[in-house]
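Trainee: Quick one, what's the 3D model for this:
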Amino acid sequence: MKDTLDVYIENNKGRFIEELKDLLRFASVSAQRSRDAETAACAQWVRQHLADLGLDSDLVDQGGQPIVVARAKGRGPGSIVIYGHYDVQPEDPIDQWRTKPFEPVEQDGVLYARGATDDKGQFFAHVKALEALIKTQGELPCDVVFLLEGEEESGGEALVRYVRSDAGRALKPDALIISDGDMNNEQVPAITYGLRGIITFEIHVKGPGFDLHSGGYGGAVANPAVVLTHLISQCVSQQGEILIPGFYDDVQGAAQWELENMEALRFDDEVLRREVQAPALIRDPEHSTLERLWVRPTFEINGIYGGYQGQHSKTIIPREAFAKVSVRLVPGQTVDRVRDRVFGFLRDICPETVTLELTFTGGGPPVVFEVDTPAMKLAAEALKHGFDHEPVFIRTGGSIPVVSTFSEVWGCPVILMGLGLDSDGAHSPNEHFSLTSFVKGIKASARLLSTGI
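Mentor: From the prediction side, this is the model:
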C-alpha cells in the first residue's frame with residue numbers, strides 16, 4: 001500500500017509545478033534596486049501562498065528586503081525552522097540564455113528559469129511537503145516555521161538582525177532544515193555537513209584625474225588597469241595558489257575520515273571538466289579536486305573592469321580600474337583575520353603612483369556540523385525514502401553566511417539537504433532544476449517533517 005503522503009504528492013505534482021512557475025516569474029533580483037518592487041511582490045506572493053495553506057504568515061521589515069515569517073502550529077511542543085531565500089542572482093549575461101530568464105520553460109523534465117534551483121525550487125519543495133502533511137494528516141507533529149529572506153544573493157543583513165532580535169531568538173527550533181545546495185549526483189541524495197565561509201570586497205585603483213592619451217602620457221603616468229592586474233597577480237597564482245604571506249597559517253586540514261569519504265565518492269574530474277566546458281582542470285599533486293572544492297580556501301576575481309569597453313580601439317590610460325573579489329574560507333580561518341591580512345597585503349604592495357580603495361562588502365565564517373546525530377539519521381532516512389537511495393555526506397564549496405548566525409543564536413542541529421546539482425547552473429545562464437528532484441524532494445521533506453524531529 002502506498003504512503004498517503006506520497007499519493008497526495010503524486011496526484012498534485014502537476015499543480016505544484018505550475019505554482020513553482022508562478023513563483024519563478026518574479027524577477028526578484030535583490031542586488032538591483034531597480035527590481036525592489038518586483039522583489040517585494042515576490043515576498044508578498046510567498047507570504048500569501050503560505051497564508052492560504054493556513055499558516056500565520058507575515059512580512060517582517062528589518063531595514064532591507066522583507067522577510068517572510070510563517071508559522072504552522074503543531075500538536076507537540078517542539079518546532080522546526082525551514083530556511084530559504086526568494087531572491088535570485090541577476091540574469092546577466094542575458095545573451096547567453098536560450099530561454100527568457102523569468103519565463104519558466106519546461107523541457108524534458110527540467111525547468112529552466114532564474115532561481116529554479118537557487119533557491120526557489122528547493123525551498124518551495126518544503127512548502128509543498130507541508131501542504132501534503134496538512135491535507136493528509138490534518139495536523140503537524142510540531143510547529144513548523146518558514147523563514148525566507150530576500151537578500152541572500154546580495155549580502156544583506158536584514159535576516160541576521162531578525163535572528164538576533166527578541167522575536168528571532170524566541171524561535172529557537174529543535175532543528176533547522178535548509179535546501180540551498182546540491183545532491184551528490186542525479187540518483188544519489190546528500191546531506192551537506194560543511195560550508196566554506198566567504199569574504200567579498202572591491203578593489204578600486206585610481207590614477208590620473210581623467211582618461212589620458214596613452215601615447216602622450218604612457219611611460220610617465222601609471223596605468224590603473226596595469227597596476228590592478230599586478231596587485232591581483234601577487235595575491236593568487238594561475239593555479240589558484242594564494243600567495244599572500246601567512247594566508248594558510250590558520251587553515252585546518254580535513255580529518256582522516258573525511259579524506260576516506262572523499263575517496264569513496266569516486267569523484268570524476270573528467271565529468272566536471274565536461275560539465276563546465278573547460279579545456280582542463282587545475283592540477284594539484286597534493287590535494288584532490290574534492291579537497292580543493294570543499295576544504296581549501298580560494299581567491300577569485302568575480303569581475304574586473306576599467307577603461308574603454310567599446311568596439312575597436314581607444315588608446316587611453318584609464319583614470320581608474322576596479323575588481324570584485326570573493327575569498328572562500330575554511331575551518332580555522334575567520335572573516336576579520338582574513339580580511340585584515342588581505343587588505344594589509346594589498347596596501348603594502350600598492351605603488352605610490354596610484355590611490356587604492358578597498359571596500360569590504362560582506363562575509364560569513366565557515367561551518368562544519370557533526371554527522372552522527374539523531375537529527376542527521378532521521379534526515380538520511382527521509383532522503384532514502386524520497387529518492388530510493390542511501391544518501392552520502394558531503395561538504396560544499398559554497399557559502400550561506402547566515403548559517404553561522406543560526407548556529408550561534410539557536411545552537412540546534414542544522415540539516416542541509418540539497419536538492420539541486422552542481423550542473424544546474426546556479427548564478428549562470430540557463431539555470432535549471434530537475435522536476436524529478438523537485439517531486440522526490442517534496443516526498444523526502446514530508447517524511448522528515450512528519451517525524452517532528
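Trainee: only C-alpha atoms for contact and neighbour calcs from this point on.
Mentor: OK.
Trainee: Can you pull the poorly scored residue ranges out of the stretch 1-150 of the chain?
Mentor: Applying pLDDT under 70 to the stretch 1-150 of the chain flags the ranges 1-2.
Trainee: one more time with 90
Mentor: 1-3 (pLDDT under 90).
Trainee: can you map out the helices along it?
Mentor: 4-24, 36-52, 121-137 (DSSP state H, counting those that start in this stretch).
Trainee: can you list the ones you listed in CSV and add mean neighbour count and distance to V163?
Mentor: Below are the helices of the stretch 1-150 of the chain laid out as CSV (neighbours: other Cα atoms under 10 Å; distance: least, Cα to Cα, whole Å):
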stretch, mean neighbour count, distance to V163
helix 4-24, 17, 25
helix 36-52, 19, 18
helix 121-137, 22, 19
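Trainee: Pull up the distance across stretch 282-290, start to finish.
Mentor: 12 Å (Cα to Cα, to the nearest Å).
Trainee: in it, what counts as buried?
Mentor: 288-290 (16 or more other Cα atoms under 10 Å).
Trainee: follow-up on the earlier one: right, so of the helices of the stretch 1-150 of the chain, which gets closest to A175?
Mentor: Nearest to A175, of all the helices of the stretch 1-150 of the chain, is helix 121-137, at 14.3 Å by Cα to Cα.
Trainee: Go through the helices of the stretch 1-150 of the chain and name the closest to R339.
Mentor: Across the helices of the stretch 1-150 of the chain, closest to R339 is helix 36-52 (Cα to Cα), at 29.9 Å.
Trainee: mind listing what's buried in stretch 363-381?
Mentor: 363-367, 369, 371, 375-376, 378-381.
Trainee: Run the chain-centre distance for it.
Mentor: 17 Å (Cα atoms, centre = their mean, to the nearest Å).
Trainee: now swap in stretch 212-228 and tell me
Mentor: Distance, centroid of stretch 212-228 to centroid of chain: 39 Å (Cα atoms, centre = their mean).
Trainee: and the end-to-end length of that stretch?
Mentor: Using Cα to Cα, the two ends of stretch 212-228 sit 17 Å apart.
Trainee: who's in contact with that stretch?
Mentor: Here stretch 212-228 makes contact (Cα atoms under 8 Å, 6 or more residues apart in numbering) with 205-208, 306-307, 315-323, 350, 353-354.
Trainee: Mark which of these are buried, thanks.
Mentor: For the contacts of stretch 212-228, buried by 16+ other Cα under 10 Å: 205-208, 306-307, 316-323, 350, 354.
Trainee: on that earlier part again, would you format the helices of the stretch 1-150 of the chain as a markdown table with distance to H230 included?
Mentor: A markdown table is the format used below for the helices of the stretch 1-150 of the chain (distance: least, Cα to Cα, whole Å):
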| stretch | distance to H230 |
| --- | --- |
| helix 4-24 | 42 |
| helix 36-52 | 37 |
| helix 121-137 | 41 |
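Trainee: now for those helices, which one comes closest to L358?
Mentor: helix 36-52 (27.0 Å).
Trainee: what packs against the closest one?
Mentor: helix 4-24, strand 56-60, strand 67-72 (3 or more Cα pairs under 8 Å, 6 or more residues apart in numbering; DSSP states H and E).
Trainee: Return the distance of the shortest one from the chain's centre.
Mentor: Same thing as strand 56-60. With Cα atoms, centre = their mean, you get 24 Å for strand 56-60.
Trainee: can you check the longest one too?
Mentor: Counting by Cα atoms, centre = their mean, helix 4-24 is centred 24 Å from the centre of its parent chain.
Trainee: contact partners of it?
Mentor: Taking Cα under 8 Å, 6+ apart as the rule, helix 4-24 contacts 42, 45-46, 102-104, 113-116, 120-121, 124, 128-129, 132-133, 136, 435, 439, 442-443, 446.
Trainee: before we move on, the earlier item: which stretch among the helices of the stretch 1-150 of the chain comes nearest I82?
Mentor: helix 121-137 (7.7 Å).
Trainee: what does that closest one rub up against?
Mentor: Counting by Cα under 8 Å, 6+ apart, 4-5, 8-9, 16, 20, 50, 53, 82-85, 115-116, 139-140, 178-180, 418-420, 433, 438-439, 441-443, 445-446, 449-450 sit against helix 121-137.
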